[in-house]
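Trainee: I would like to see how this sequence folds:
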Amino acid sequence: MVKGGAIYILTNIHHTVLYVGVTSDLQKRMYEHKNKLYPGFSAKYNTTKLVHYELFSSIEEAIAREKQLKGGSRGSKTQLINAGNPEWRDLYDDIQQW
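Mentor: Predicted structure coming up:
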């Protein structure tokens with residue numbers, strides 16, 4: 001069975017940093033970000049607030065979308081977040097209810 005995938009955008013409490021990631025298990029990956037289980041960009045810049053995510057039927061589709069988002073400007077990411085989450089609220093609780 002082919003696993004699905006997800007892309008996500010994280011920010012910090014001041015909304016000064018955006019992090020785009022891809023995963024096959026969004027709930028698990030968010031737990032790892034929230035608890036800073038792995039060193040790296042996300043842990044260093046405290047990007048623990050989930051402000052956008054998209055689900056895909058395959059990890060390959062998710063990876064392609066991640067590349068597209070990473071290649072775009074900060075403005076395009078901000079527009080995407082504002083369109084679906086204008087308050088920039090943390091969507092982590094939403095995915096916990098799956």
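Trainee: all contacts plus neighbour counts: C-alpha atoms, from now on.
Mentor: Will do.
Trainee: which of the residues in the strand or helix carrying Leu80 are buried?
Mentor: Here Leu80 sits within helix 74-84, counting by DSSP states H and E. By 16 or more other C-alpha atoms under 10 Å, the buried positions in helix 74-84 come out as 77-78, 80-81.
Trainee: need those residues in a markdown table with pLDDT and distance to Ala62, can you?
Mentor: Below are the buried residues of helix 74-84 laid out as a markdown table (pLDDT from 0 to 100; distance: C-alpha to C-alpha, whole Å):
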| residue | pLDDT | distance to Ala62 |
| --- | --- | --- |
| Lys77 | 98 | 16 |
| Thr78 | 98 | 19 |
| Leu80 | 98 | 16 |
| Ile81 | 98 | 17 |
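Trainee: sorry, back to before: alpha carbons of the helix holding Leu80, as PDB, please.
Mentor: Only the C-alpha atoms of helix 74-84 are listed here, as PDB (Å, rounded to 0.1, in the frame of the first residue of the first chain):
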ATOM      1  CA  ARG A  74       7.700  34.400   1.600                       C
ATOM      2  CA  GLY A  75       4.900  36.600   0.200                       C
ATOM      3  CA  SER A  76       3.300  33.600  -1.600                       C
ATOM      4  CA  LYS A  77       3.500  31.500   1.600                       C
ATOM      5  CA  THR A  78       2.000  34.300   3.600                       C
ATOM      6  CA  GLN A  79      -0.900  34.700   1.100                       C
ATOM      7  CA  LEU A  80      -1.500  30.900   1.300                       C
ATOM      8  CA  ILE A  81      -1.700  31.000   5.100                       C
ATOM      9  CA  ASN A  82      -3.900  34.100   5.100                       C
ATOM     10  CA  ALA A  83      -6.300  32.500   2.600                       C
ATOM     11  CA  GLY A  84      -7.000  29.500   4.800                       C
END
